[in-house]
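1. The following block contains a protein sequence and its predicted model.
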Amino acid sequence: MAKRLKAMGSARYENDFVPTLHEDLIDLPRKWKKPRTVFVNSMSDLFQEAVPLDFIQRVFQTMMATTQHTYQVLTKRSERPLEFSPLLPWAPNIWMRVSMKDARVLHRIEHLAATAAQLKFLSCEPLIGPIDHLPLDGIDWVIVGGESGRGARPMEEAWVQSIRHQCRAHRAAFFFKQWGGVRKDMTGRLLNGRTYDAMPRRKEIPLVFAT
């Protein structure tokens, strides 16, 4: 997608996959009056190693100052939000999630659970293997979806059902996004003949920075 946007002349993507900090966009959400759900860095990772702490802190300050919006932050670098957790303002409108593809990255959940994020969730997409023992204590929401597009690896129903049962046992909201495949529009998103669209409620927990 980044290469496609570059080919279309988008200046934001002229560096391809080289991490680029867009300082001019940090305060953009302050101009939005109508509440939005914002997928922060939908095509990159706010916590990748090339992003300095002070930049991350400025992004978090903007998110904390615009409580009318709900921000969903996704990372594969779960060590960094854990390391920086005491230095970030975890407002209730900042939802933190980690990417989970199979059981080989279970450590990401442990890192997420140990942060001070007030709402924590998992993005099990693309799910490419079973995860039978999810440590879901303290996890509010789990999204599951199959890989899509050319060369998509198949997702087995048993993997999805296992996660659904685990969510029910731990009272975590379960959202089934899609089966995926080369033609995701044909495979759809029905599981057990229905859709699963559960979402967590935003937690309004007071912030305390000092006592």
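-> The structure has been received and is ready for your questions.
2. Distance of the nearest residue to residue 177 once chain neighbours are set aside relative to residue 92?
-> Excluding the flanking residues, the one nearest residue 177 by Cβ to Cβ, 6 or more residues apart in numbering is residue 145, at 3.4 Å. Where you see a C-beta, it was placed from the backbone N, CA and C, and this is true even at glycine. In this view, residue 145 and residue 92 are 26 Å apart by Cβ to Cβ, to the nearest Å.
3. Residue 141 now?
-> Taking Cβ to Cβ, one finds residue 141 at 14 Å from residue 92.
4. Over to residue 43?
-> Residue 43 is 26 Å from residue 92, by Cβ to Cβ.
5. show me where pLDDT drops low in the protein?
-> In the predicted model, the chain carries pLDDT under 70 at residues 1-17, 203-211.
6. rerun that using 90 as the cut-off
-> 1-20, 41-43, 182-185, 201-211 (pLDDT under 90).
7. the strands in it, which residues?
-> Listed in chain order, the strands of the chain (DSSP state E) span 37-40, 70-75, 94-99, 119-124, 141-145, 173-178.
8. Tell me where the protein has helices.
-> 2-7, 53-65, 79-84, 107-113, 157-170, 184-187 (DSSP state H).
9. Save the ones you listed as a markdown table, and put in mean neighbour count and distance to residue 133 too.
-> Formatted as a markdown table, the helices of the chain follow (neighbours: other Cβ atoms under 10 Å; distance: least, Cβ to Cβ, whole Å):
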| stretch | mean neighbour count | distance to residue 133 |
| --- | --- | --- |
| helix 2-7 | 12 | 35 |
| helix 53-65 | 16 | 31 |
| helix 79-84 | 17 | 21 |
| helix 107-113 | 18 | 10 |
| helix 157-170 | 16 | 8 |
| helix 184-187 | 12 | 27 |
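10. Report the central residue of this structure.
-> Taking Cα atoms, centre = their mean as the criterion, residue 74 is the residue nearest the geometric centre of the chain, at 3.1 Å.
11. How about the contacts made by that one?
-> The contact partners of residue 74, by Cβ atoms under 8 Å, 6 or more residues apart in numbering, come to 39, 40, 41, 45, 97, 98, 99, 123.
12. which ones are touching the last one?
-> Residue 123 is in contact with 74, 97, 98, 99, 100, 143, counting by Cβ under 8 Å, 6+ apart.
13. Many thanks, have a good one.
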